[in-house]
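Dropping a prediction and its sequence here:
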Amino acid sequence: MPHLCQFNFHIRSILEQASPVEIGTIRQSVMTCQQTAICTVDYFNNTYGQCQLYSFPFIGNRLDFMSSRFPLFDMNNMFSMVTMLSLFGDVKPFENLFFACIVRGLPNLKTLEVFNELEQQEKGMITTNNPGFGYLSALILFDIHMDYAEQLLCRSRLPCLTELAIHKQVLLTIVAHDSQQARDNCSKVENILTSNKWCDSIDAIRNFSPLVFH
């Protein structure tokens with residue numbers, strides 16, 4: 001392709017029993033293309049490794065299976081057009097500061113999915129300055145520790161939230177806590193998907209999210 005001037009890419013590789021590889025080695029593989037590239041590498045406790053290679057500037061609208069080691073949310077609004085994000089962690093928990101970085105780096109985020117069953121370790125650092133996801137309309141919280149439901153529903157501002165997917169018992173715990181921030185966040189929710197049917201809890205949930213259609 002002798003006339004190709006620019007090649008925009010987002011390459012994601014997942015390998016089982018992945019051997020450690022230097023990021024510089026991976027980046028060097030695209031240097032000959034005169035293309036600016038950014039690379040991230042993760043190794044998970046489930047024996048899988050993940051490598052993501054991006055051209056710069058990033059033009060995609062989604063990021064999948066990002067960990068707390070992902071270092072690029074603050075880089076010159078590089079990912080400001082991303083609207084869909086999934087977070088995965090089985091090595092480190094997602095702390096309050098990590099979510100604050102996401103709010104700053106992904107101002108147009110509309111869908112957030114979290115996979116992490118590790119308890120947060122920095123709860124003493126939580127502030128009253130709740131991060132606000134201004135456009136987030138869908139939140140998926142199935143395979144999580146309770147801390148992340150509290151982080152996102154009780155200690156974050158979600159003014160546009162209309163869809164919530166969550167483990168039933170986690171939802172009932174949030175309802176029982178009855179925090180004003182969680183009530184505000186769930187006041188516009190119309191669709192709730194839970195891990196088990198919630199017919200036996202319909203009154204409590206509708207009292208918390210009055211627009212929910214069951």
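Noted; the coordinates are in hand.

residue ranges with poor pLDDT in this protein?
Residue ranges of the chain with pLDDT under 70: 1-5, 18-35, 71-75, 124-129, 198, 213-214.

For it, which segments count as strands?
Along the chain, the stretches classed as strands by DSSP state E are 10-16, 37-43, 48-55, 62-66, 84-89, 111-116, 138-141, 163-166, 191-194.

other SSEs contacting the third one?
Just to be clear, that refers to strand 48-55. Packing partners of strand 48-55 (3 or more C-beta pairs under 8 Å, 6 or more residues apart in numbering; DSSP states H and E): strand 10-16, helix 23-31, strand 37-43. (C-beta placed from N, C-alpha, C; glycine too.)

gap between the closest residue to Thr36 other than its chain neighbours and Phe99?
Spatial nearest neighbour of Thr36, excluding adjacent residues (C-beta to C-beta, 6 or more residues apart in numbering): Phe56 at 4.2 Å. For Phe56, the distance to Phe99 (C-beta to C-beta, to the nearest Å) stands at 24 Å.

So for the two, which sits in the more crowded spot?
Neighbour totals were compared for Phe56 and Phe99, and Phe99 leads with 21 against 14 (other C-beta atoms under 10 Å).

isn't the more buried one right up against Asp147?
No. Between Phe99 and Asp147 there is no contact under C-beta atoms under 8 Å: 11.1 Å.

okay but Ala165 is in contact with Leu141, surely?
Yes. The criterion here is C-beta under 8 Å, and Ala165 meets it with Leu141 at 6.8 Å.
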